[in-house]
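Peer 1: Sequence plus the predicted model coming up.
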Amino acid sequence: MEILTLTGLLKKSADEFPSRRALSSSGKFDLTHTRLQALIEQAASRLVAFGIKPGDVVALTFPNTVEFVIMFLAVIRARATAAPLNAAYTQDEFDFYLSDSESKILLTSEEGNPSAQAAASSLNIPHVTASLSQAESGINLSSSSPTDSKADSELKSVSLIVNEPSDVALFLHTSGTTSRPKGVPLTQLNLASSVQNIKSVYRLTESDSTVIVLPLFHVHGLLAGLLSSLVAGAAVALPAAGRFSASTFWSDMINYNATWYTAVPTIHQIILDRHLSKPEPAYPKLRFIRSCSASLAPAILSRLEEAFGAPVLEAYAMTEASHLMSSNPLPEDGPHKPGSVGKPVGQEMAILDENGVPQPAQVSGEVCIRGPNVTMGYKNNPEANKAAFSFGWFHTGDIGFMDSAGYLQLVGRIKELINRGGEKISPLEVDAVILAHPDIAQAVAFGVPDDKYGEEINCAIIPGEGSKIDEEEVLKHCKKNLASFKVPKKVFITDTVPKTATGKIQRRIVAEHFLAQISAAKVSKFGA
């Protein structure tokens, strides 16, 4: 019988691989699948004793710790909805996310989070801390609210609670690049479908192991790194500091016999830079390296493969699809194509024109999907739902085309395409050409207003370590490798570009940042 819930898949994994390592925290915990499952059940019982009911939303803000993983899965097991939040948010941001999700309690580590707690207090949301002192003991929940002090004495079993495929298990917000973030509810079925897709395309088994380098408040680290591994009976390790550290990454990978890892291009670049400046004595033999959440330039893919001797598989994903939509296959399943985000995985995908007509191979249109992993719709946002769901498909907002072999090539976000005098230019293409220069570590092209052409191309670059590259050299490289109308008019050389908390570069924010620099320089030169 097919299992249609995430909790059912996790229980099946614990039954099949009881004594295999499931979750480790560097130097602190090593939990088997059986022990992890027991801790989840016990923590879910405590949440029920705290008054959490099916459908309630529980906000969680933690570093990447064992406590977060247990409490996140305990919330879902209790038929409540987990809403993980970035611990770096300001009080105002917490206020918005707690309000918009209609959270019933705030869960944090024992150390707490002052900004989150202040926001919760202003909204009369109880604050509960979670701590695990040793693997043999249960997780301890405590609250400063007197009404919750008797919760432990009223411990109730969750054995009679049955998780349903339609239960909303996860509530996240989109990045909000052009407007306020939209709330995305994801069901048990959405999550179960997605982790099965991820497990299938990468052939994850109980023999695999990975180290989490991405924040678990985001679908990439949460679904691709953590949950797909646990469902496969595989092992996951969390860095000691609760976040990615380039200095300890490879030692963790070796210590935990890692067979793969997944990251955003920014982190791949950090790992590459460290390899060039401080190479390790030896690197583990990896089955594959995965890249997702932003475009990976073919030149960077090639450098990664050369440095670490493993195939680099680029994938395409978004929150509304419970992460994965397409991926390049493992070498045994077909070629992986630099510059492509691979083939659809576990769902239907079509390239549609503005009238909803499917486009043939090599013809660009909007990438649209449908399948059991796709959200049923944004929360309390009929306008967004009307725009996103039409012609029977979910519309991603991305422009792309399929090649003759069914591999997807992304051109860019609809709102990020640069329209220079009627010529539509893909910023991804410009990025890829610039990044082919050996002295350039990162690059992002973007459109800026122009009196003559409507829009003109600018770009920002981060030089490689020790590089003295200047604007003239960048433009010379572009003129040699791009049509003249695609060559940037101005190049900003910088040591950093604005990114989201998950390491994603947002072109609109980058454009605003550097345009503000130009404006400030003009004011400084000519006076206000």
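Peer 2: Sure thing, it's come through.
Peer 1: I'd say Tyr283 and Ser251 touch.
Peer 2: No: the pair Tyr283 / Ser251 is not scored as a contact, 11.1 Å apart, by C-beta atoms under 8 Å. C-beta coordinates here come from the backbone N, C-alpha and C atoms, glycine included.
Peer 1: Name whatever forms a beta bridge with Glu455.
Peer 2: Pro449 (DSSP bridges).
Peer 1: What's the local residue count around it?
Peer 2: 17 (other C-beta atoms under 10 Å).
Peer 1: Check the gap between it and Lys486 for me.
Peer 2: For Glu455, the distance to Lys486 equals 12 Å [C-beta to C-beta, to the nearest Å].
Peer 1: Identify the contacts common to those two.
Peer 2: Overlap between the contact sets of Glu455 and Lys486, as judged by C-beta atoms under 8 Å, 6 or more residues apart in numbering, is nil.
Peer 1: And the strands in the stretch 51-200 of the chain?
Peer 2: 57-61, 81-84, 103-109, 127-131, 140-143, 168-173, 183-187 (DSSP state E, counting those that start in this stretch).
Peer 1: Could you export those as TSV, including mean neighbour count, distance to Ser245 and mean pLDDT?
Peer 2: Formatted as TSV, these follow (neighbours: other C-beta atoms under 10 Å; distance: least, C-beta to C-beta, whole Å; pLDDT from 0 to 100):
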stretch	mean neighbour count	distance to Ser245	mean pLDDT
strand 57-61	25	20	98
strand 81-84	25	21	98
strand 103-109	24	18	97
strand 127-131	20	23	96
strand 140-143	17	27	90
strand 168-173	24	25	97
strand 183-187	23	30	97
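Peer 1: Lys278 is nearest to which of those?
Peer 2: strand 103-109 (31.4 Å; C-beta to C-beta).
Peer 1: contacting residues for Val312?
Peer 2: So Val312 contacts Phe288, Ile289, Arg290, Ser291, Leu296, Leu301, Leu304, Glu305, His336 (C-beta under 8 Å, 6+ apart).
Peer 1: Give me the subset of those lying in strands.
Peer 2: Among the contacts of Val312, the members found in strands (DSSP state E) are Phe288, Ile289, Arg290, Ser291.
Peer 1: of those residues, closest to Leu60?
Peer 2: Arg290 (25.0 Å).
Peer 1: Okay, and the beta partners of that closest one?
Peer 2: Thr262, Leu313.
Peer 1: and it, what does it touch?
Peer 2: Shown in contact with Arg290 (C-beta under 8 Å, 6+ apart): Tyr202, Ala224, Trp260, Tyr261, Thr262, Ala263, Val312, Leu313, Glu314, Ala315, Ser327.
Peer 1: Go again with 10 Å.
Peer 2: 198, 201-202, 210, 220, 224-225, 260-263, 268, 296, 311-315, 327-328 (C-beta atoms under 10 Å, 6 or more residues apart in numbering).
Peer 1: Ok, Thr187 next?
Peer 2: 4-6, 81, 164-170, 193, 322, 372-373, 375-376.
Peer 1: swap in Ala116?
Peer 2: 59-61, 85-87, 89-91, 93-95, 97-98, 106-108, 125, 127.
Peer 1: likewise Ala87?
Peer 2: Per C-beta under 10 Å, 6+ apart, neighbours of Ala87: 60-64, 68, 94, 108-109, 113, 115-116, 215, 217, 242-243, 501.
Peer 1: Can you say which of the residues you listed are buried?
Peer 2: 60-64, 68, 94, 108-109, 113, 115-116, 215, 217, 242 (16 or more other C-beta atoms under 10 Å).
Peer 1: Just want the most central residue of this protein.
Peer 2: In the chain, the residue lying closest to the centroid (C-alpha atoms, centre = their mean) is His220, at 2.9 Å.
Peer 1: My guess is that residue contacts Tyr316. True?
Peer 2: No: here His220 does not reach Tyr316: they are 11.4 Å apart, not a contact under C-beta atoms under 10 Å.
Peer 1: list the residues that contact both of those two?
Peer 2: Cys292, Ser293, His323, Leu324.
Peer 1: Would you report the backbone torsion angles of the second one?
Peer 2: In other words, Ser293. phi 80, psi -10 (degrees, to the nearest 10).
Peer 1: for the third one, same thing?
Peer 2: For His323, the backbone dihedrals are phi 90, psi -100 (criterion: degrees, to the nearest 10).
Peer 1: ok, now the one 3 residues further on?
Peer 2: Listed backbone geometry of Ser326 is phi -150, psi 160, with angles given as degrees, to the nearest 10.
Peer 1: Which residues are in contact with it?
Peer 2: Contacts of Ser326 (C-beta under 10 Å, 6+ apart): 197, 201, 314-317, 340-347, 349, 367, 369, 400, 402, 406-408, 410.
Peer 1: Am I right that Val236 sits in a strand?
Peer 2: Yes: remark: Val236 belongs to a strand, assigned using DSSP: H, G, I helix; E, B strand; the rest coil.
Peer 1: wait, isn't it in contact with Leu226?
Peer 2: Yes: here Val236 reaches Leu226: they are 5.6 Å apart, a contact under C-beta under 10 Å.
Peer 1: Between those two, which contacts overlap?
Peer 2: Leu23, Val69, Thr210, Ile212.
Peer 1: distance of Thr5 from Lys12?
Peer 2: Per C-beta to C-beta, Thr5 is found 10 Å from Lys12.
Peer 1: Looking at the two, which one has more neighbours?
Peer 2: Taking neighbours as other C-beta under 10 Å, Thr5 and Lys12 compare with Thr5 leading, 22 against 13.
Peer 1: need the contact list for the spatially closest residue to that one that is not a sequence neighbour.
Peer 2: Among residues not flanking Thr5 along the chain, Gln188 sits closest, at 4.1 Å (C-beta to C-beta, 6 or more residues apart in numbering). Neighbour list for Gln188: 3-9, 76, 79, 163-170 [criterion: C-beta under 10 Å, 6+ apart].
Peer 1: still on that earlier bit, give the single residue among the buried ones among the contacts of Ala87 positioned nearest to Ile505.
Peer 2: Of the buried ones among the contacts of Ala87, the one sitting nearest to Ile505 (C-beta to C-beta) turns out to be Pro215, at 16.1 Å.
Peer 1: Wait, a strand at the closest one?
Peer 2: No: Pro215 is assigned coil when assessed by three-state DSSP, not a strand.
Peer 1: my guess is it contacts Ala263, does it?
Peer 2: No: Pro215 lies out of contact with Ala263 (C-beta under 10 Å); the separation is 11.4 Å.
Peer 1: what does the model give the residue nearest to Thr5 for pLDDT?
Peer 2: On the pLDDT scale, Gln188 is placed at 98.
Peer 1: mind checking how far it is from Leu160?
Peer 2: Computed as C-beta to C-beta, the Gln188 to Leu160 distance reads 17 Å.
Peer 1: now do Ser99
Peer 2: Ser99 is 33 Å from Leu160, by C-beta to C-beta.
Peer 1: These two: which is more packed in?
Peer 2: Between Ser99 and Leu160, counting by other C-beta under 10 Å, Ser99 is the more crowded of the two (13 against 6).
Peer 1: Which residues are in contact with that one?
Peer 2: Ala119, Ser122, Leu123, Ile125.
Peer 1: Return the entry from these with the maximum number of neighbours.
Peer 2: Highest neighbour count within these: Ala119, with 26 neighbours (other C-beta under 10 Å).
Peer 1: Run a quick check on it versus Leu98, I expect a contact.
Peer 2: Yes: contact criterion C-beta under 10 Å: Ala119 and Leu98 qualify, at 5.6 Å.
Peer 1: who touches both of these two?
Peer 2: Contact criterion C-beta under 10 Å, 6+ apart; residues shared by Ala119 and Leu98: Ala59, Leu85, Tyr89, Leu106, Ile125.
Peer 1: Phe394: which of these is nearest?
Peer 2: Leu85 (24.7 Å).
Peer 1: Surely that closest one is in contact with Asp95?
Peer 2: No: judged on C-beta under 10 Å, Leu85 makes no contact with Asp95 at a distance of 11.3 Å.
Peer 1: tell me, what's touching the two both at once?
Peer 2: In contact with both Leu85 and Asp95: Ala116, Ala119, using C-beta under 10 Å, 6+ apart.
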